[in-house]
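**Student:** here is the input, now give the coordinates:
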Amino acid sequence: MENTTETPSFEAGLRELEEIVARLESGDTPLEEAIRLYERGSVLRQRCADRLDAAQARIEAIRTGADGRPAAVEPFAAG
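**Tutor:** Have a look, this model is predicted:
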């Protein structure tokens, strides 16, 4: 599992989240570790969701001209 103080890339966060889910679904994880994994998974899930929301907002900020082509892109200010 990755360092909990770093902010992983979306892909790394998703991979780590998948690993956590697999470990929790196995049923072989002791309770205290399962709780810790669940908490880490919850943080990763929120970070991934936030990044997806930001990406969607950036995509929606693309403006199209009369011919249907992208005419301009407005920068997305997250936060």
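**Student:** any stretches of this structure with poor pLDDT?
**Tutor:** For the chain, applying pLDDT under 70 flags the ranges 1-6, 63-66, 68, 71-79.
**Student:** please, where are all the helices along it?
**Tutor:** Using DSSP state H, the helices of the chain run over 10-26, 31-60.
**Student:** and those helices as CSV, adding mean neighbour count and distance to residue 67?
**Tutor:** For every residue, glycine as well, the C-beta is placed using N, CA and C. As requested, the helices of the chain are exported to CSV (neighbours: other CB atoms under 10 Å; distance: least, CB to CB, whole Å):
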stretch, mean neighbour count, distance to residue 67
helix 10-26, 14, 33
helix 31-60, 13, 19
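**Student:** of all these, which lies closest to residue 70?
**Tutor:** helix 31-60 (10.6 Å; CB to CB).
**Student:** ok, and what's touching stretch 7-26?
**Tutor:** 1-2, 29, 34, 37-38, 40-41, 44-45, 47-48, 51-52 (CB atoms under 8 Å, 6 or more residues apart in numbering).
**Student:** okay, the helices of the chain in CSV with distance to residue 69 next?
**Tutor:** Listed next are these as CSV, based on distance: least, CB to CB, whole Å:
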stretch, distance to residue 69
helix 10-26, 28
helix 31-60, 15
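**Student:** what sits against the spatially most central residue of the chain?
**Tutor:** Nearest to the mean C-alpha position of the chain, by CA atoms, centre = their mean, lies residue 48 at 0.9 Å. The contact partners of residue 48, taken as CB under 8 Å, 6+ apart, are 10, 13-14, 17.
**Student:** could you dump these to a markdown table with distance to residue 58?
**Tutor:** Shown next, in a markdown table, are the contacts of residue 48 (distance: CB to CB, whole Å):
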| residue | distance to residue 58 |
| --- | --- |
| 10 | 13 |
| 13 | 18 |
| 14 | 18 |
| 17 | 22 |
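**Student:** show me which of these is closest to residue 57.
**Tutor:** Among the contacts of residue 48, and counting by CB to CB, the member closest to residue 57 is residue 10, at 14.6 Å.
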